[in-house]
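Visitor: fold the following.
(2 chains)
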Protein chains: 2
Amino acid sequence: MSAIRFELLARDGRARRGRLHLPRGTVETPAFMPVGTCATVKALTPAQLGELGAEIVLANTFHLWLRPGPDVIADHGGLHRFMGWTRPILTDSGGFQVFSLAKLRRITPEGVHFASPVDGARVFLSPEKAMEIQRVLDSDIAMVFDECTPYPASEAEAARSMRLSMDWAERSKRAFEGSPNALFGIVQGGVHLALRRESARILCAMGFDGYAVGGLAVGEPASERNAVLDATVPELPDDRPRYLMGVGRPVDILDAVERGIDLFDCVLPTRNARNGHFFTRSGVVRIRNARYLRDLRPIEEGCGCYTCRHFSRAYLSHLHRSGEILGAVLGTLHNVHHYLELMREIRAAIAEGRLGEYAAGRRGALNAPADELA
Amino acid sequence: MSAIRFELLARDGRARRGRLHLPRGTVETPAFMPVGTCATVKALTPAQLGELGAEIVLANTFHLWLRPGPDVIADHGGLHRFMGWTRPILTDSGGFQVFSLAKLRRITPEGVHFASPVDGARVFLSPEKAMEIQRVLDSDIAMVFDECTPYPASEAEAARSMRLSMDWAERSKRAFEGSPNALFGIVQGGVHLALRRESARILCAMGFDGYAVGGLAVGEPASERNAVLDATVPELPDDRPRYLMGVGRPVDILDAVERGIDLFDCVLPTRNARNGHFFTRSGVVRIRNARYLRDLRPIEEGCGCYTCRHFSRAYLSHLHRSGEILGAVLGTLHNVHHYLELMREIRAAIAEGRLGEYAAGRRGALNAPADELA
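Guide: Purely as a prediction, here's the structure:
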């Protein structure tokens, strides 16, 4: 029996409006998962996250394994009690971080040896280890341990990497047996469409609670990413949720929803907020720009978030120039609201059969220079 | 007509339980004012501050004058709209900061020339200028511009400094005439009791809406500070609020309440929170201490703050070791709650005529080593 039930409520082209039932709560899809790498969505309290309407957050097995370590989280009975978040959590398996953060990396069929970025200690991560940690975290959705194929990669490299990931997916599934939580497989294969189709078929034959598309948002152009989705999504079962890992800008999310993706995560809203980059429908407000020093308007006129209801760009400019923590907090509240509001609007548009029109309107409203597209 | 009405509700020895009526709200006294130096109580939203029960906050004329500058705040119609805080604000005049932060300082009878710590520009602050800025800030309570006498200072030095401050107090009062807001005088005189009495009498003859005791919390022992209060407070009118500037630890606040002080401010709860020093009734929890790595208890058992209701010391330890913003937020929520709860308990104890017993209990509960006394 699956720990997950995915209810399809409406369709609009390939896009789906769904509802993901998990033991700790329901997630309306398409959904965006704010990223809580180290067991905190940076700068926000769980109460603030709840008020923003977040229904699920992502946390990182890799980071939590290295600090504070699974024992500390086990003491709390799992990640939910540790971080004070009662709604669903999805944990990434650590595969991506091993390849983006770990130094002195050595990959074997068994797993990955590397130096901890926290203290330099020699550590080893494998499918079995990643599943063991995620059982301790007790996340509602766990991810298989995979190798993130570099971009660009030749077809031969991508094939070798994908096949290793498929072997690791099978070992992950075996190691996770008996868990009450859900486990998602991760499609790999770089930007090679035949490999992506093969990977999807291999995973579907194993059978997972949901399917992720991994190895994207690593520098490839949007057209290649969209081509991967066009090739991959049709191979995935209609009755399971689909998750595009690490993507992306609002326009990227629109692209992917239109191709049948249900779940997203990305550090952009939180990381950019701390850097003073705030999302609006017409582009990005870079709050350190001198033009905002005396700007009495909110970040975005008409935005319903706490920040826009109470504070001017001039005040946010002051906070960011003064290095005040509240600048990060208020910016994060706005950016996460922006993303969650985008998802609410996407869901309504799908339900009403007007996603194409909605997406065209959002894309058309972006009038900022290309490097500021939100 | 005074902008302020101070209602005396109860007495217990020299301690007073009062209520300060200001146009923007009522402040129950004895009260603690969280410090919002740069127009933000560091790490907290105004909503969180309101939920904590803060009825008044302090902001700094000096900092806001240099950044973002009075023009930006004037654009917002004052500091309240700028920082999104609707309840009363008290602004310090900048006197203390000129002496603690400014470099290349040159004092003349007219005012103080110094280099801005923000950009090094040559600037000049005087009683008239400090009042002009505070009018723009539109704080509910403004403070006169004064010289903060260094500690230690000889009687002659302290006398010269006090007389300059008294001259500046008179000029401040004149410059503030016609303002709808309240203005407090500041008693100076170092730790020289005769000078303190003389200063208090001079200010009372001028007539202010309230009276502050300044120039303390600058390194003097508690016994000297208490002696200054014992000498000064009896000189102040009974029907006006009394404010001890920059003090202090909870035990210092108890000492001063017992000597008739009504208002307090101090950076300790907010600054220490960011450094991982959390106040409890039995001492300070230094959260980076290894003993807390797996401690499942809240900062303080029985504490009703958001942090203690939801998070363990182990989680806070993790946040502080990881440099997470949420560590500062949750610590600040706890420490400010600790101070505001202390004041609520002090007010109840005065009203019920058991302040001595309450203060003895608080002092007796402190079992930490001397350097960790909270």
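Visitor: what does chain A have sitting close to chain B?
Guide: Within reach of chain B by Cβ under 8 Å from any Cβ of the partner chain, chain A has these residues: A:38-40, A:42-47, A:67-68, A:71-72, A:75-76, A:82-84, A:274, A:293-294, A:296, A:306, A:310-312, A:314-315, A:317-319, A:321-322, A:324-326, A:328-330. All C-beta spots, glycine's among them, are computed from the backbone N, C-alpha and C.
Visitor: try 6 Å
Guide: A:38, A:40, A:42-43, A:68, A:72, A:75, A:82, A:84, A:294, A:296, A:310-311, A:314-315, A:318, A:322, A:324-326, A:328 (Cβ under 6 Å from any Cβ of the partner chain).
Visitor: now A:F6: phi and psi?
Guide: phi -120, psi 120 (degrees, to the nearest 10).
Visitor: just to revisit the earlier point, out of the residues of chain A next to chain B, which are buried?
Guide: A:38, A:40, A:42-43, A:68, A:72, A:75, A:82, A:84, A:294, A:310-311, A:314-315, A:318, A:322, A:324-326, A:328 (16 or more other Cβ atoms under 10 Å in any protein chain shown).
Visitor: after the helix or strand hosting A:L333, which helix or strand is next?
Guide: When elements are assigned from DSSP states H and E, A:L333 belongs to helix A:325-351. Downstream of helix A:325-351, the next assigned helix or strand under DSSP H and E is helix A:355-365.
Visitor: buried ones in that next one, by neighbour count?
Guide: A:L355, A:Y358, A:A359, A:R362.
Visitor: nearest to chain B within the stretch 101-250 of chain A, name that residue for me.
Guide: Of all residues in the stretch 101-250 of chain A, A:V118 sits closest to chain B, at 9.1 Å by Cβ to the nearest Cβ.
Visitor: all helices of the stretch 101-250 of chain A, in order?
Guide: A:127-137, A:155-176, A:193-206, A:222-232, A:250-257 (DSSP state H, counting those that start in this stretch).
Visitor: just how off-centre is the third one within its chain?
Guide: With Cα atoms, centre = their mean, to the nearest Å as the basis, the distance from the averaged C-alpha position of helix A:193-206 to the chain average is 21 Å.
Visitor: by how many degrees do it and helix A:155-176 diverge?
Guide: 10 degrees (axes from the mean of the first three to the mean of the last three Cα atoms, to 10 degrees).
Visitor: got it, and the last one?
Guide: When the same axes, to 10 degrees is applied, the directions of helix A:250-257 and helix A:155-176 differ by 80 degrees.
Visitor: then helix A:250-257 to PDB, C-alphas only?
Guide: The C-alpha trace of helix A:250-257 is given here as PDB (Å, rounded to 0.1, in the frame of the first residue of the first chain):
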ATOM      1  CA  PRO A 250       8.400  31.600 -12.200                       C
ATOM      2  CA  VAL A 251       8.600  31.300 -16.000                       C
ATOM      3  CA  ASP A 252      10.400  28.000 -15.700                       C
ATOM      4  CA  ILE A 253       7.600  26.700 -13.400                       C
ATOM      5  CA  LEU A 254       5.000  27.800 -16.000                       C
ATOM      6  CA  ASP A 255       6.900  25.900 -18.700                       C
ATOM      7  CA  ALA A 256       7.000  22.800 -16.600                       C
ATOM      8  CA  VAL A 257       3.400  22.900 -15.400                       C
END
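Visitor: residues contacting that helix, please?
Guide: A:A15, A:P30, A:N226, A:L229, A:L244, A:F264, A:L342, A:I346, A:A359, A:A374 (Cβ atoms under 6 Å, 6 or more residues apart in numbering or on different chains).
Visitor: count residues in the vicinity of the first one, would you?
Guide: A count of nearby residues for A:A15, using other Cβ atoms under 10 Å in any protein chain shown, gives 24.
Visitor: excluding its backbone neighbours, what's nearest A:V144?
Guide: A:S172 (3.7 Å; Cβ to Cβ, 6 or more residues apart in numbering or on different chains).
Visitor: return the residues in contact with the one you found.
Guide: A:P127, A:M131, A:V144, A:F145.
Visitor: can you list the low-confidence ranges for the stretch 201-350 of chain A?
Guide: Counting by pLDDT under 70, the stretch 201-350 of chain A shows no low-confidence range.
Visitor: if I look at the residue nearest to the spatial centre of chain A, how far off is chain B?
Guide: Nearest residue to the geometric centre of chain A (Cα atoms, centre = their mean): A:D265, 1.6 Å. For A:D265, the distance to chain B equals 18 Å [Cβ to the nearest Cβ, to the nearest Å].
Visitor: could you look up the SS state of the residue of chain A positioned farthest from its centre?
Guide: Most distant residue from the mean C-alpha position of chain A: A:R294, 35.4 Å away (Cα atoms, centre = their mean). Assigned by DSSP: H, G, I helix; E, B strand; the rest coil, the conformation of A:R294 is coil.
Visitor: surely it meets A:S312?
Guide: No: A:R294 lies out of contact with A:S312 (Cβ atoms under 6 Å); the separation is 9.0 Å.
Visitor: give me the pLDDT for the nearest residue to A:L125 once chain neighbours are set aside.
Guide: Spatial nearest neighbour of A:L125, excluding adjacent residues (Cβ to Cβ, 6+ apart): A:V112 at 5.2 Å. Among the per-residue scores, A:V112 holds a pLDDT of 94.
Visitor: now A:V112: how far from A:S126?
Guide: From A:V112 across to A:S126, the span is 7 Å (Cβ to Cβ, to the nearest Å).
Visitor: over to A:E235?
Guide: 27 Å.
Visitor: same drill for these two, tell me which one is more crowded.
Guide: Just comparing A:E235 and A:S126: by other Cβ under 10 Å the higher neighbour count belongs to A:S126, 20 against 17.
Visitor: where does the more buried one fall, phi/psi-wise?
Guide: phi -140, psi 170.
Visitor: relative to A:D146, how far out is it?
Guide: Taking Cβ to Cβ, one finds A:S126 at 12 Å from A:D146.
Visitor: again with A:V233
Guide: 18 Å.
Visitor: so which of those two has more stuff around it?
Guide: Relative neighbour count places A:D146 above the other of A:V233 and A:D146, with 32 against 21, counting by other Cβ under 10 Å.
Visitor: if I pick A:C305, what's in contact with it?
Guide: Taking Cβ under 6 Å, 6+ apart as the test, what A:C305 contacts is A:L333, A:H334, A:H337.
Visitor: can we see that at 8 Å?
Guide: If you count contacts by Cβ atoms under 8 Å, 6 or more residues apart in numbering or on different chains, A:C305 has them with A:L52, A:L333, A:H334, A:H337, A:H338.
Visitor: and which of those is nearest chain B?
Guide: Closest to chain B, out of all of the contacts of A:C305 and judged by Cβ to the nearest Cβ, is A:L333, at 8.2 Å.
Visitor: pull the number of nearby residues for the closest one.
Guide: That count, for A:L333 with other Cβ under 10 Å as the rule, works out to 23.
Visitor: enumerate every residue touching it.
Guide: Per Cβ under 8 Å, 6+ apart, neighbours of A:L333: A:L44, A:Q48, A:L52, A:C305, A:Y306, A:T307.
Visitor: alright, calling it a day.
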